[in-house]
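>>> The amino acid sequence is not available; the structure is as follows:
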């Protein structure tokens, strides 16, 4: 049985990258591969919640667990390399984990594929809003500011020495080509089978404080997602009897900041926090529109989740990921980049329009787990056959 390692710098949250990795692990296991995870830092509680069925190796473990230190020290860890000597392939999802994969390749001649979700943000696109979200980001932003020139060359070296590339979407394909002058195989993030049109009523959501039709914002509620744009746009919509609902994990400081913005505009916001999947699906099904306000979103799972539930989506027309999923008039609307007046207009258009929920759902079929899994298995099978034939 061929052994595949899925590698990433940390497993301390369950966001978009982690969900893609879990999908890959489940898909490749079903195809007959022995799949393990490898992280410089591993949150044990989260592992039990999300990866209980898989072995996960913490290759930069310290006596005292510290995420930032473990990620930084991982590039120097020699003794951990031998843990991967029996692997047939590494699929690496980040930098500097890519350097650890490269060292394994040099030591044991094990190939690695880079799954590029975007260039390292702390080197190429990070700003203070991005850095505010955690100490880990503050530290990486500082390091990127001080050592960016050297680290970009280091990252470039790790990318160029990879054996192949998986790219998250067409937007990432374009930017990766510009950044590294490489080509790769596009493998879109998937929308789970459970995201579907369901019969439900607003009464089922009354326990959350939802009392009438609503506009929805979904995802991690952090500064970089710019939910303040949604609040500002919502305040411009007149004569609509709607609630503004936000669903997703948040910290109290961000919540207070957004509530203050809303108060200054005489608005109330309903924060639901993170929901169980079946409840989230109900919330998507009953929303009048889901709004994605994150600038330059690389792909965005929220739009395809909402649309799979028959909910139209409004997002920015800023030449990034949502333009690959949101089609004007067919499953939502695209607003002029960062123009809250136009965003408000598009939200109102989405609320007023009579949508065919089944037609909206059809636009997400290209992101189905079945389709993407077949493509991924074919890609990995062919790669390993080619590698073994060298």
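Here it is on my side, so go on. Since the structure is predicted, the reported quantities are computational estimates derived from the model, not experimental observations.

>>> Quick check: closest non-adjacent residue to residue 123.
Nearest residue to residue 123, sequence neighbours excluded (C-beta to C-beta, 6 or more residues apart in numbering): residue 144, at 5.0 Å. Where C-beta positions appear, they are placed from N, C-alpha and C, glycine not excepted.

>>> Which residue ranges make up the domains of this structure?
Using automatic domain parsing, the domain parsing of the chain gives 3-190+368-388, 202-367.

>>> Residue 294 versus the residue nearest to residue 123, what's the distance?
20 Å (C-beta to C-beta, to the nearest Å).

>>> Neighbour count: those two, which is higher?
Neighbours per residue, other C-beta atoms under 10 Å: of residue 144 and residue 294, the larger number sits with residue 294, 22 against 19.

>>> so how far is residue 124 from the more buried one?
Per C-beta to C-beta, residue 294 is found 17 Å from residue 124.

>>> from memory the residue nearest to residue 123 sits against residue 122, does it?
Yes. Counting by C-beta atoms under 8 Å, residue 144 does reach residue 122; the two are 4.1 Å apart.

>>> Quickly find the element holding residue 18.
helix 16-30 (DSSP states H and E).

>>> Next SSE downstream of that helix?
Downstream of helix 16-30 (by DSSP H and E), the next one is strand 34-42.

>>> Show residues contacting that following strand.
1-12, 21, 24-25, 28-29, 51, 54-61, 65-67, 70-71, 73-74, 84, 90, 97, 100 (C-beta atoms under 8 Å, 6 or more residues apart in numbering).

>>> Let's see that with 6 Å instead.
Applying C-beta atoms under 6 Å, 6 or more residues apart in numbering, the contact partners of strand 34-42 are 1, 3-11, 25, 28-29, 54-60, 67, 70-71, 74.

>>> same deal with stretch 152-172?
95, 98-99, 102, 111-118, 120, 123, 173, 176, 180, 182, 184-188, 298-299, 320-321, 324, 383.

>>> Could I get the buried residue list for it?
152, 154-155, 158-159, 162-169, 171-172 (16 or more other C-beta atoms under 10 Å).

>>> and which of the residues you listed is nearest residue 328?
residue 171 (17.4 Å; C-beta to C-beta).

>>> pLDDT score for the closest one?
Per-residue confidence (pLDDT) for residue 171: 95.

>>> Distance-wise, check it relative to residue 299.
7 Å.

>>> which one is residue 195 nearest to, not counting chain neighbours?
Residue 195's closest residue in space is residue 308 (C-beta to C-beta, 6+ apart), at 3.9 Å.

>>> Torsion angles phi and psi at the one you found?
phi -60, psi -20 (degrees, to the nearest 10).

>>> Tally up the residues packed near it, please.
26.

>>> Contact partners for it?
191, 195, 361, 364.

>>> In contact with the second one, which residues?
With C-beta under 6 Å, 6+ apart as the criterion, the residues that contact residue 195 are 305, 308-309.
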